[in-house]
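1. sequence first, then the predicted structure:
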Amino acid sequence: MDEAERTDSSVLFAELEAVAAEAHRPVPVRHYGQWVSAAVVAVLFAMLVHTLITNPGFDWGVVGHYFGKTIILRGLWLTIELTIVSMAIAIALGIVLAVMRVSPNPVLSGASSLYIWFFRGTPLLVQIIFWFNLASLFPRLSFGVPFGPRLVTVGTNTIITTWVAAVVSLSLNEAAYMAEIVRAGILSVNEGQIDAAQALGMSRVRTMRRIILPQAIRVIIPPTGNEFIGQLKNTSLVSVIGLMELLTTVEVIYEATFQTIPLLLVAALWYLVVTTVLSIGQSYIERHFSRGSSRARPPTFFQQVRKNFLTIHAGASPNLAGHHGQ
């Protein structure tokens, strides 16, 4: 082969390699559906912001005026207090009910099932009103020997105050849901570990306390956090009995000033603030109890926000989108 033929062959091979490289060049993936949906969401968000700014009915000046008022903060604190106290009682009672539910004793299991059936089957609002009006059914409460002499007798309204009625109703209702959450956590633990603990001579109570519940906590924590947030919002129902929590306080103010929407916005903003704080706390608690798990530790609240932001940014960039699509 002479020099000219070798030159032509080299040129031909170079052209073939260029064509092959062009054929295998990564082509950015076009996410047209994502762009359209993002544009629709952006337009709707802009419309919402425009409405919030231009509609005089929101009256943001009134919202700012009442947002930090002492009377509002006092109602907010009572809301937080109700949430913490009722959830503490509900968690403790829920654990007991869950252990009873999985017990081989049919009396304990049946009693727990009956409790859960009743309190999950009746509306929370009805339970709140019932406990508030308990004096209509039992004007006086007696304490003593069952079916025997009464040692102490007091008026029902002396014990079942508005605050007590709210705490009791919220706690008893939430305990039914917590019992099912804890039971799901208990059932998630491998039965072989229970058999091994019993083979080592551990009692059922000790096995539950030392072996089962510490492992079940990973399953229990996430839904418990959701229930905590739900309980915060459920406290607004006690406004029906006049307890001066956040919503009732707001209602009292707007009934006097007729500024209904701005005052409801004050309540909504405070609920959002507390819910956000609880969500952040929940994310860190989940990470704490996920240590030692084979799965990746769940992201914190701020890590999740950052991840969502980067995902949106990547979807808006064709180059990044093509890179992730390969």
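-> In hand now; what should we look at?
2. C-alpha only now, for contacts and for neighbours.
-> Fine.
3. beyond the helix or strand where His65 lies, next helix or strand please.
-> For His65, the host element (DSSP states H and E) is helix 60-67. From helix 60-67 onward toward the C-terminus, using DSSP H and E, the following helix or strand is helix 70-101.
4. what packs against that following helix?
-> helix 106-121, helix 162-187, helix 213-234, helix 246-257 (3 or more C-alpha pairs under 8 Å, 6 or more residues apart in numbering; DSSP states H and E).
5. how big is the angle separating that helix from helix 106-121?
-> Orientation check (axes from the mean of the first three to the mean of the last three C-alpha atoms, to 10 degrees): helix 70-101 against helix 106-121 gives 150 degrees.
6. buried stuff in helix 70-101?
-> Going by neighbour count (16 or more other C-alpha atoms under 10 Å), the buried part of helix 70-101 is 71-73, 75-76, 78-84, 86-87, 89-91, 93-101.
7. wait, Val62 sits on Thr260?
-> No - counting by C-alpha atoms under 8 Å, Val62 stays clear of Thr260, with 10.4 Å between them.
8. can you pull out the low-pLDDT segments for the stretch 101-250 of the chain?
-> By pLDDT under 70, the stretch 101-250 of the chain has no low-scoring segment.
9. list the beta-bridge partners for Val154.
-> On the basis of DSSP bridges, Val154 is bridged to Leu141.
10. show me the contacts for it.
-> Taking C-alpha atoms under 8 Å, 6 or more residues apart in numbering, we find Val154 in contact with Arg140, Leu141, Ser142.
11. spit out the contact partners of Val145.
-> By C-alpha under 8 Å, 6+ apart, the residues touching Val145 are Leu151.
12. next one: phi and psi at it?
-> Backbone geometry at Val145, expressed as degrees, to the nearest 10, gives phi -80, psi 130.
13. so how far is Ile84 from Phe132?
-> Using C-alpha to C-alpha, to the nearest Å, one gets 20 Å for the distance from Phe132 to Ile84.
14. same check on Leu265?
-> According to C-alpha to C-alpha, Leu265 and Ile84 sit 24 Å apart.
15. just Gly121 next, same as before
-> Distance of Gly121 to Ile84, given as C-alpha to C-alpha: 24 Å.
16. now Gly155
-> For Gly155, the distance to Ile84 equals 28 Å [C-alpha to C-alpha].
17. what of Ala111?
-> The value you get for Ala111 to Ile84, if C-alpha to C-alpha is used, is 27 Å.
18. and Val126, by the same measure?
-> Look at Val126 and Ile84: by C-alpha to C-alpha, they are 22 Å apart.
19. now Lys69
-> Counting by C-alpha to C-alpha, the separation of Lys69 from Ile84 is 23 Å.
20. who are the contact partners of Thr158?
-> Counted by C-alpha under 8 Å, 6+ apart, Thr158 has zero contacts.
21. let's go with 10 Å and repeat that
-> Shown in contact with Thr158 (C-alpha atoms under 10 Å, 6 or more residues apart in numbering): Ala135, Arg140, Leu141.
22. residues near the second one, how many?
-> Residues lying near Arg140 (other C-alpha atoms under 10 Å) number 15.
23. for it, give me its contacts.
-> Remark: with contacts taken as C-alpha under 10 Å, 6+ apart, Arg140 is in contact with Leu134, Thr153, Val154, Gly155, Thr156, Asn157, Thr158, Ile159.
24. can you tell me the closest non-neighbouring residue to the fourth one?
-> In this case it means Gly155. Nearest residue to Gly155, sequence neighbours excluded (C-alpha to C-alpha, 6 or more residues apart in numbering): Arg140, at 4.3 Å.
25. contact partners for Val107?
-> Met100, Arg101, Ser113.
26. measure it to Arg101 for me?
-> 10 Å.
27. joint contacts of these two?
-> Common contact partners of Val107 and Arg101 (C-alpha under 10 Å, 6+ apart): Ser113.
28. how near is the closest residue to Leu134 other than its chain neighbours to Val41?
-> Sequence neighbours aside, Thr156 is the residue nearest to Leu134 in space, at 7.3 Å (criterion: C-alpha to C-alpha, 6+ apart). Between Thr156 and Val41 the computed distance is 55 Å (C-alpha to C-alpha).
29. and the two? which has more neighbours close in?
-> Between Thr156 and Val41, counted using other C-alpha under 10 Å, Thr156 has the larger neighbour count: 18 against 12.
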